[in-house]
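> give me the fold of what follows.
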Amino acid sequence: MMGRMTSPTRRVLALAPMPPEKSAYALARYSRSPDSIEDSLRWVHGHSSEKFWEQFYFDYGHASIADLGHVIICFEGVSELAAIHIEDEALWDGQAKSSRYQDFGPGGVFVPEHVQGTPIEATYRGIAARLHQAYTTLHAPIKDYLTRTTPKPDDMKPQAYDRTMNARTFDVTRYLLPLAATTNVGQVVSIRTLEKQICRLLSLPVAELRAIGEDLKRACATPPLNVWGELNGPSAAPNEPLAPTLARHARPSEYFLKTYPDLKQAAAERLRLSEVEASEPVELIEPHPPLDELASTLLYRVTVHPYRQILAVVQEWTEKEKEDLIEIALRRRGPHDELLQEFRCGYGFIFDILMDLGGWRDLHRHRRCQQVRQEFTTIHGYETPTLLKDAGIAAEYRAALDEVKEQVEGLALSHPDIAPYLTPFGCRTRCLFKMDYAEAEYIARLRSGVKGHFSYRTIAWLIQRAVLARYPALGARIAATPPDIEDSLTR
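Okay, the predicted model is just below:
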């Protein structure tokens, strides 16, 4: 007669922090054995995690085990341009220093290493200095106007009021920040995402980004900063490297590195578009076949034209011509390379958005959608916040941006690699947002609220209006706030 089965005692346990590669090893073994977590931890402590990672992650390709180990990484003194690329991960959690609530003036600007000590450095620094001057000198008149038009309520503390007025002032002056402005980024990611991030950064054509990729490899291979442990006194736990095996194996992707230049050449040869057609800030694209979407998206990424202008050309192509373009995007792919982001197509809502770079920087934080952006440029012009006109200082702002725009476009002819660094936040940038209805509802509802920046509030409202016009029953259920409803004292 079989013995009576007993039910295990239920337990819910929190584990103390461990080196990510070892915690992932322990949890992977835990899922593949009958042992308790204590026994799995003891096993891992006595065995080499390096051999485990090399066999199962890098040789066998069991990528999901790397989702079980997480790291905290901080990037300091990087450019805003670099911060954007650092954050370009779908499964990414983190935050960057906010240009809405902090004074970016004292932070200075990043100067690419290959520019330092060359004749072009003076030109580069001169453009940045012109923007810094306007950023600094316009702060006082903007804040003065805001305090005159929005007096402090009796029940609001002076310090809170002053912080709010400063924040609303930075909402405007940040239009004068260039992508060279330095910032800090903190992230919490799985070591699976970290490996992808390192490989991607090492594969980008910007020297600063490749250098950050190398810095990330070193950070994984050396003991981490342990201020918290030091503050809590001596600890018996060794301060071990976070992910040394990953650091040894991470390398650039030839697929990523060479395919985008191939696509750029194909766009120049096959699209034959010259003039950029005018477009609305938000355009909800009409439904079209996935093959047309993929071909158009691949071309959109490497041009400056609106999506609908590209789509109109692609729809005139033969099936063979479309397939030939897709083959260009696939021919360099290796056995371990994921498809380019542009292959993530098939979403029901495709918005082509043209907006100021600073406002887009806030929308960039949304992860439940696919974002395909074009290169940063000044050719789409810039936005002038209404508040500048109301305060009577729009002329000073426009004088600075007109001067910088002309200089940056001249610099782009001789030094296309450094011109993007000097693109001001006020300049418009174009980005494709692909999403489902739930994300469209979320962005339109959340980002149109009175706490938001006036730039993305307008974009969020226009997203709701576009859905309402195309799909009335769905659009009517999006509780977006019209941008003319304001509350300057709410942050």
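> which other helices and strands does the longest helix along the chain contact?
What stands out as the longest helix in the chain, according to DSSP state H, is helix 394-414. On a contact count with 3 or more CB pairs under 8 Å, 6 or more residues apart in numbering; DSSP states H and E, helix 394-414 meets helix 120-137. All C-beta atoms are positioned from the backbone trio N, CA, C, and that covers glycine.
> wait, Ile285 sits on Gln309?
No - in this structure, Ile285 is not within contact of Gln309 by CB atoms under 8 Å, at 11.2 Å.
> which neighbours do those two have in common?
Listed contacts common to Ile285 and Gln309 are nil; contacts here mean CB atoms under 8 Å, 6 or more residues apart in numbering.
> which outside residues touch the longest helix of the chain?
With CB under 8 Å, 6+ apart as the criterion, helix 394-414 contacts 120, 123-124, 126-127, 130-131, 133-134, 137-138, 175-176, 377-379, 381-382, 384, 388, 418-419, 422-424, 426-427.
> from the residues you listed, list the buried ones, please.
Among those, the ones that count as buried by 16 or more other CB atoms under 10 Å are 120, 123-124, 127, 130-131, 134, 138, 175-176, 377-378, 382, 384, 388, 418-419, 422-424, 426-427.
> and Leu294, what does it touch?
By CB under 8 Å, 6+ apart, the contact list for Leu294 reads Ile326, Glu342, Phe343, Cys345.
> 10 Å instead, please
By CB atoms under 10 Å, 6 or more residues apart in numbering, Leu294 lies in contact with Val314, Lys322, Leu325, Ile326, Ala329, Glu342, Phe343, Arg344, Cys345, Gly346.
> do the same with Asp292
Ile310, Leu311, Val314, Gln315, Trp317, Lys322, Cys345.
> which phi and psi values does it adopt?
As for Asp292, its main-chain torsions (degrees, to the nearest 10) stand at phi -70, psi -40.
> what do you get for the one 4 residues further on?
Note on Ser296: its backbone torsions stand at phi -70, psi -40 [degrees, to the nearest 10].
> if I look at it, how far off is Val172?
36 Å (CB to CB, to the nearest Å).
> with Gly233 instead?
From Gly233 over to Val172 the distance is 47 Å, taken as CB to CB.
> among the two, which residue is more densely surrounded?
Ranked by neighbour count (other CB atoms under 10 Å), Gly233 and Val172 place Val172 first, with 27 against 6.
> which stretches in the stretch 51-200 of the chain count as strands?
Here the stretch 51-200 of the chain has its strands, by DSSP state E, counting those that start in this stretch, at 70-79, 93-96, 182-190.
> who wins for proximity to Glu280 among those?
strand 93-96 (28.7 Å; CB to CB).
> residues of the closest one that come out buried?
For strand 93-96, by 16+ other CB under 10 Å, it's Gly94, Ala96.
> ditto for stretch 6-24
By 16+ other CB under 10 Å, the buried positions in stretch 6-24 come out as Met18, Pro19, Pro20, Glu21, Lys22, Ser23, Ala24.
> which residues in the stretch 301-450 of the chain form strands?
349-356, 370-373, 428-435.
> out of these, deepest packed?
Comparing the strands of the stretch 301-450 of the chain by mean neighbour count (mean count of other CB atoms under 10 Å), strand 349-356 ranks first with a mean of 24.
> least confident secondary structure element in the protein?
Lowest on mean pLDDT, DSSP states H and E among the helices and strands of the chain sits helix 49-52, with a mean of 73.
> roughly how far is it from the heart of the chain?
Centroid separation for helix 49-52 versus its chain: 33 Å, with CA atoms, centre = their mean, to the nearest Å.
> pLDDT weak spots in the protein?
Low-confidence segments of the chain, defined by pLDDT under 70, span residues 1-5, 53, 55-63, 234-238, 491.
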